[in-house]
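Novice: sequence and predicted structure below; questions after.
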Amino acid sequence: SQTIHQWPATLVQPVGSPLSLECTVEGTSNPNLYWYRQAAGRGLQLLFYSVGIGQISSEVPQNLSASRPQDRQFILSSKKLLLSDSGFYLCAWSKPQGRGNTEAFFGQGTRLTVV
Amino acid sequence: AQKITQTQPGMFVQEKEAVTLDCTYDTSDQSYGLFWYKQPSSGEMIFLIYQGSYDEQNATEGRYSLNFQKARKSANLVISASQLGDSAMYFCAMREYGNNRLAFGKGNQVVVIP
């Protein structure tokens, strides 16, 4: 069966410090991978998604980046965190096929507080 | 890029009653999937129901049903016989199969009261 691991669960970082959040998927190959951010009590903002190794589509963030160094590994990074980067970060994966029920499966999330 | 709209304010629902959560979307893609997720206060994302753009029948999963009106580009979720455990945020999402982008609406807060 497939599983998704996301860590750490919580993180408190000072402004200006770097960030690295890691997400790995097991039990499947060539998944679509997603990073989302959720501000307190708000919706899910799509940050990045990837359909293959080294293929990253960026949605919004200016000081965040993502990488996919391996098929089932997705990393969210920042060189210098801002206060506005605080939030709940969720990683997700879905099967790559074009049609059908390709529901996304989510990790447990990382609650990031920038102080 | 596709857009998903959920505009209802927070809702209070009497236990055992039905509730409808609105979702409209906008896409130029002809092939897409629509999803509803539930997020309780714990933060986990729970998949509820899926509707494909070419599916002629409305999807149903237990107490959840999706009222899909393709021409109006709406995909409303109906929860029948509400339970206290249904209190959560509910998100509508769409995946365009042309590019695999999966985007979510802003969500609806539902509180079920006894």
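Specialist: Ah, there it is. Being a predicted model, the structure only gives us computed values, none of them experimental.
Novice: and the pLDDT at the residue of chain A found nearest chain B?
Specialist: Closest contact between chain A and chain B, by CB to the nearest CB, is at residue A:43 (3.5 Å). The C-beta positions use only the backbone N, C-alpha and C, and glycine is treated the same way. Model confidence at residue A:43, given as pLDDT, is 87.
Novice: surely it touches residue B:90?
Specialist: No - Residue A:43 is not in contact with residue B:90 according to CB atoms under 8 Å; the separation is 10.8 Å.
Novice: kindly report the residues of chain B close to chain A.
Specialist: B:6, B:31, B:33, B:35, B:43-45, B:47, B:50, B:52, B:54, B:91, B:93, B:95, B:97, B:99-107 (CB under 8 Å from any CB of the partner chain).
Novice: can we see that at 6 Å?
Specialist: B:43, B:45, B:47, B:50, B:97, B:100, B:102, B:103, B:104, B:106, B:107 (CB under 6 Å from any CB of the partner chain).
Novice: can I get the buried part of these as one PyMOL selection?
Specialist: The PyMOL command for the buried members of the residues of chain B next to chain A (criterion: 16 or more other CB atoms under 10 Å in any protein chain shown) is given here:
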select buried, chain B and resi 45+47+50+97+100+102+103+104+106+107
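Novice: the residue of chain A closest to chain B - nearest residue in space that isn't next to it in sequence?
Specialist: Excluding the flanking residues, the one nearest residue A:43 by CB to CB, 6 or more residues apart in numbering or on different chains is residue B:106, at 3.5 Å.
Novice: that older thread, neighbour count winner among residue A:43 and residue B:90?
Specialist: residue B:90 (25 against 20; other CB atoms under 10 Å in any protein chain shown).
Novice: hang on, the earlier thing: I'd say the residue nearest to residue A:43 and residue B:6 touch.
Specialist: Yes - between residue B:106 and residue B:6 there is a contact at 5.4 Å, judged by CB atoms under 6 Å.
Novice: show me which residues of chain A sit near chain B.
Specialist: Counting by CB under 6 Å from any CB, the residues of chain A close to chain B are A:32, A:34, A:43-44, A:46, A:51, A:98-99, A:101, A:103-104, A:106, A:109.
Novice: the same query, at a cut-off of 10 Å, please.
Specialist: Within chain A, the positions adjacent to chain B are A:9, A:32-34, A:36, A:38, A:41-46, A:49-51, A:57, A:59, A:88, A:90, A:92, A:94, A:96-109, A:111 by CB under 10 Å from any CB of the partner chain.
Novice: just the buried ones from these, in ChimeraX syntax?
Specialist: To isolate the buried ones among the residues of chain A next to chain B in ChimeraX, judged by 16+ other CB under 10 Å, type:
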select /A:32,33,34,36,38,43,44,45,46,49,50,51,59,88,90,92,94,101,102,103,104,105,106,107,108,109,111
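Novice: so which of the residues of chain A next to chain B are in helices?
Specialist: Under the assignment DSSP state H, the residues of chain A next to chain B contribute nothing to helices.
Novice: the residue nearest to residue A:43 belongs to a helix, doesn't it?
Specialist: No - going by DSSP: H, G, I helix; E, B strand; the rest coil, the assignment for residue B:106 is coil, not a helix.
Novice: show only the entries of the residues of chain A next to chain B found in strands.
Specialist: The members of the residues of chain A next to chain B that map onto strands under DSSP state E are A:32-34, A:36, A:38, A:44-46, A:49-51, A:57, A:88, A:90, A:92, A:94, A:105-106, A:111.
Novice: residues contacting the most centrally placed residue in chain A?
Specialist: In chain A, the centroid-proximal residue (CA atoms, centre = their mean) is residue A:35; its distance is 2.8 Å. Going by CB atoms under 10 Å, 6 or more residues apart in numbering or on different chains, residue A:35 touches A:6, A:21, A:23, A:45-50, A:56, A:58-59, A:61, A:64, A:66, A:74-76, A:89-92, A:107.
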